[in-house]
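Q: Turn this into a structure:
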Amino acid sequence: MSVRHCFSIRFVQILFNNEHHLRYLSSYKKKIPMNNQKKTNQPSIASFFAKKDSSIIKTPKKETEPPSIRIENKELIKSPSSDSDDKSFVFAPTKRSKKRVLSFDDSDQDQKSNSSTENMKETPTKIVKQMKIIDTKVEIKNENNKTITQIEQTTTVPIEQPTTITIEQKNVTDPQSYNPGKTNYDPINDACWKLDDNVPYSALSSTLLLIEETSARLEIIRILSNFFRSVLSLSSNDLVHCVYLCVNKLAPEYEGIELGIGETIIMKAIADSTGRTVEQLKSDYKSKGDLGLVAEASRSTQRTMFKPKPLTVSFVYKKLKEIAQLTGNKSQQRKTDIIKSLLVSCQSHESRYLARSLIGKLRIGLAEQSMLVALSHACVRNQYSNLKETALKERLDNGTLAIKDAFCQCPSYDILVDALVNKGGIEKLKDLCKATPGIPMKPMLAHPSKGIDEVLKRCGQSEFACEYKYDGERAQIHLTEDRKIYIYSRNSENNTSKYPDIIERIHNAFQPHVKSLILDGECVAYDIEQKKLLPFQTLSTRKRK
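A: Below is the predicted model of the structure:
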């Protein structure tokens with residue numbers, strides 16, 4: 001009895017000189033080992049058919065003879081974690097194909113790619129569909145009615161597995177030459193720090209210096225936007241600290257955290273860190289009129305035994321917040337010591353903006369609204385970097401409106417930046433940054449007009465209502481779900497302790513089923529006996545208890 005055995009053709013993918021060649025190898029030819037592995041002793045065809053009396057066809061073991069595979073879809077997807085000369089590839093079959101996914105790996109290249117992850121950033125980009133393989137037993141009968149068990153491989157529904165694309169940082173710009181105002185700015189390669197490093201304070205000070213030297217508003221927005229793009233791409237966790245230092249704040253206004261540093265303490269810290277006297281500093285301050293410039297000019301006389309560690313934005317922010325929260329005995333001396341340690345570590349222009357941050361005036365001409373525009377542009381440009389400028393304009397405008405609206409309803413950079421970085425970006429701001437009792441909203445403010453004619457012209461034929469302008473203080477009353485009441489001013493300052501009489505009566509102003517609310521109105525002093533409104537000064541002189 002003659003036994004027939006069909007040998008299928010195997011396709012082996014070999015990478016040679018960056019070109020792909022398919023070699024058709026028959027089973028009766030000499031086997032070529034894959035991935036430079038050593039040859040294994042395999043039985044010849046003669047020895048394979050030596051036992052003619054055997055009624056069962058034995059299939060070779062997987063170690064010596066892997067199952068034959070035919071790949072219908074020859075689409076080759078390069079592994080994103082490898083370099084251009086990597087040999088790691090994956091065959092990804094389409095939905096129509098039901099064949100095994102064949103992969104070739106090179107351990108040497110894996111080690112090479114792992115060593116280069118220092119300057120790489122992985123971001124999920126697309127899905128590679130792989131087929132899950134199930135082995136099933138199939139029983140068939142040969143000519144002698146002997147049952148033969150064969151293993152067939154079938155596939156199930158494709159499994160979606162996310163893959164990543166690596167972003168390589170080719171070089172790192174020297175901190176002293178960092179220029180966010182550069183034309184065709186690249187947020188990764190033009191940055192002066194590496195991936196996942198803390199943002200150096202020198203990068204922020206260089207950005208503030210360029211803004212100070214620029215008067216055009218659009219150019220200021222472009223410079224700050226480029227800096228934010230680098231922070232988003234390389235060190236997104238530091239973005240909220242960068243935003244706060246750009247607007248010279250440490251926390252939302254309703255938290256009431258302020259530095260409260262006087263010029264005397266700053267001068268004493270500058271004198272201790274530079275070796276100059278307080279009298280010399282006062283003389284320079286009188287001539288320059290800027291304590292930041294005095295601190296920068298005094299830095300050249302500083303002498304240290306060891307070079308201090310460069311400052312980072314997050315470190316400076318945490319130290320400034322620590323200064324603001326210091327109270328009790330010897331708090332002034334502890335504040336001076338912290339300021340002194342920061343000034344000793346300052347380089348180049350850093351001492352100028354550190355001193356100004358301590359005073360509370362950056363003096364660079366950067367408005368908070370311009371900062372919000374720059375932040376929105378950075379998010380949009382990083383998300384749609386492949387679009388041209390003409391196609392990007394509409395998205396930039398929509399992004400600016402979305403961020404401004406979100407900040408008006410929820411004026412907290414902690415919540416806003418967290419939504420931008422970790423919770424879906426600009427598209428999710430409308431759902432994440434809503435009006436929340438306990439967080440004061442930005443009030444609607446009236447725009448002055450020249451007269452009634454301008455009002456009629458602006459409103460046209462539409463109907464409108466008028467109300468008196470009360471001479472009082474803006475009061476935004478919040479009732480939270482835990483039945484606490486807060487009163488905020490037009491600047492989002494907490495004035496709850498200033499109006500105990502309002503808090504006493506407000507509980508009777510709404511129904512019991514009301515759990516939370518926000519009331520925006522005007523607080524006006526009223527004379528009960530004379531039954532008339534009192535002027536604004538009656539409230540402004542009231543002390544906060």
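Q: Every contact and neighbour count from this point should use C-alpha atoms.
A: Noted.
Q: Residue 481 sits in which helix or strand?
A: Using DSSP states H and E, residue 481 is not contained in any helix or strand.
Q: Give the phi and psi angles for it, as a check.
A: phi -70, psi -20 (degrees, to the nearest 10).
Q: Might you report the residue contacts of it?
A: If you count contacts by CA atoms under 8 Å, 6 or more residues apart in numbering, residue 481 has them with 515-516.
Q: Check residue 186 too.
A: Listed by CA under 8 Å, 6+ apart, the contact set of residue 186 is empty.
Q: Residue 235 now?
A: Going by CA under 8 Å, 6+ apart, residue 235 touches 195-199.
Q: ok, it to residue 271 distance?
A: 34 Å (CA to CA, to the nearest Å).
Q: Turn the contacts of residue 235 into a markdown table, including pLDDT, distance to residue 299 and secondary structure.
A: Formatted as a markdown table, these follow (pLDDT from 0 to 100; distance: CA to CA, whole Å; DSSP: H, G, I helix; E, B strand; the rest coil):
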| residue | pLDDT | distance to residue 299 | secondary structure |
| --- | --- | --- | --- |
| 195 | 93 | 30 | coil |
| 196 | 92 | 30 | coil |
| 197 | 95 | 26 | coil |
| 198 | 96 | 24 | coil |
| 199 | 97 | 22 | coil |
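Q: can you pull out the helices in the stretch 351-500 of the chain?
A: Using DSSP state H, counting those that start in this stretch, the helices assigned to the stretch 351-500 of the chain run over residues 368-383, 389-409, 413-422, 429-432, 452-459, 500-506.
Q: Next, the buried residues of the second one.
A: Of the residues in helix 389-409, those with enough neighbours to count as buried (16 or more other CA atoms under 10 Å) are 392, 395-396, 399-400, 402-409.
Q: what two of those have the greatest distance between them?
A: Largest separation among the buried residues of helix 389-409 by CA to CA: 392 and 409, giving 26.1 Å.
Q: burial of residue 329, as a residue count?
A: Residue 329 is flanked by 8 other residues according to other CA atoms under 10 Å.
Q: Do you have the helices of the stretch 201-350 of the chain handy? List them.
A: 201-212, 217-234, 239-246, 263-274, 278-288, 291-298, 313-324, 331-345, 350-359.
Q: what's the least confident stretch among the helices of the stretch 351-500 of the chain?
A: Least confidently modelled of the helices of the stretch 351-500 of the chain is helix 452-459, at a mean of 86 by mean pLDDT.
Q: contacting residues around that one?
A: residue 449.
Q: circling back: got the helices of the stretch 351-500 of the chain as TSV, with distance to residue 471 columns?
A: Below are the helices of the stretch 351-500 of the chain laid out as TSV (distance: least, CA to CA, whole Å):
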stretch	distance to residue 471
helix 368-383	28
helix 389-409	24
helix 413-422	32
helix 429-432	34
helix 452-459	20
helix 500-506	17
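Q: Looking at these, which is nearest to residue 257?
A: Once these are compared by CA to CA, helix 413-422 is nearest, at 14.1 Å.
Q: residues in contact with that closest one?
A: Contacts for helix 413-422 (CA under 8 Å, 6+ apart): 232, 236, 239-240, 243-244, 251-252, 379, 406-407, 410, 425-426, 428-429, 432-433.
Q: got the helices of the stretch 201-350 of the chain as TSV, with distance to residue 481 columns?
A: TSV is the format used below for the helices of the stretch 201-350 of the chain (distance: least, CA to CA, whole Å):
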stretch	distance to residue 481
helix 201-212	40
helix 217-234	35
helix 239-246	28
helix 263-274	43
helix 278-288	51
helix 291-298	46
helix 313-324	29
helix 331-345	37
helix 350-359	37
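Q: nearest to residue 365, of those?
A: Checking these against residue 365 by CA to CA gives helix 201-212 as the closest, at 6.6 Å.
Q: Quick one: neighbours of the residue lying closest to residue 399 once chain neighbours are set aside, just the number.
A: Leaving out its chain neighbours, the residue that sits closest to residue 399 by CA to CA, 6 or more residues apart in numbering is residue 376, at 5.6 Å. Residues within reach of residue 376, counting by other CA under 10 Å, total 27.
Q: Assess the claim that residue 376 and residue 396 are in contact.
A: Yes - judged on CA atoms under 8 Å, residue 376 makes contact with residue 396 at a distance of 7.2 Å.
Q: I'd like to know how many residues surround residue 467.
A: 5.
Q: what about it, distance to residue 442?
A: Residue 467 is 21 Å from residue 442, by CA to CA.
Q: next one: residue 382
A: In this view, residue 382 and residue 442 are 28 Å apart by CA to CA.
Q: Kindly report the same for residue 371.
A: Separation of residue 371 from residue 442 (CA to CA): 16 Å.
Q: Then residue 436?
A: According to CA to CA, residue 436 stands 12 Å off from residue 442.
Q: residues shared between the contacts of these two?
A: By CA under 8 Å, 6+ apart, residue 436 and residue 442 have these common neighbours: 409-410.
Q: low-scoring stretches of the chain, by residue?
A: The model of the chain has pLDDT under 70 over residues 1-170, 300-305, 544-545.
Q: any idea how it splits into domains?
A: Using automatic domain parsing, the domain ranges for the chain come out as 10-168, 197-366, 367-434, 452-540.
Q: Tell me, how many residues neighbour residue 229?
A: 28.
Q: how about the nearest residue to it, chain neighbours excluded?
A: Leaving aside its chain neighbours, residue 229 sits nearest to residue 378 (4.9 Å; criterion: CA to CA, 6+ apart).
Q: from what I can see that neighbour touches residue 225, true?
A: Yes - counting by CA under 8 Å, residue 378 does reach residue 225; the two are 5.0 Å apart.
Q: Relative to residue 360, how far out is the residue nearest to residue 268 when sequence neighbours are not counted?
A: Nearest non-adjacent residue to residue 268, counting by CA to CA, 6+ apart: residue 278, 6.4 Å away. Note on residue 278: its distance to residue 360, by CA to CA, is 21 Å.
Q: what do you get for residue 191?
A: As judged by CA to CA, residue 191 and residue 360 stand 28 Å apart.
Q: Which residue of those two possesses the greater neighbour count?
A: Applying other CA under 10 Å to residue 191 and residue 360 shows that residue 191 carries more neighbours, namely 29 against 17.
Q: Touching, the more buried one and residue 228? I think so.
A: No - between residue 191 and residue 228 there is no contact under CA under 8 Å: 10.6 Å.
Q: and the buried residues of helix 389-409 as TSV, adding distance to residue 494?
A: Below are the buried residues of helix 389-409 laid out as TSV (distance: CA to CA, whole Å):
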residue	distance to residue 494
392	40
395	36
396	34
399	30
400	28
402	26
403	24
404	22
405	22
406	21
407	18
408	17
409	17
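Q: Of those, which is the nearest to residue 337?
A: Nearest member of the buried residues of helix 389-409 to residue 337, counting by CA to CA, is residue 407, at 35.9 Å.
Q: Return the residues in contact with that closest one.
A: 413, 416, 433, 442.
Q: can you list these in TSV and add distance to residue 172?
A: Listed next are these as TSV, based on distance: CA to CA, whole Å:
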residue	distance to residue 172
413	29
416	29
433	36
442	40
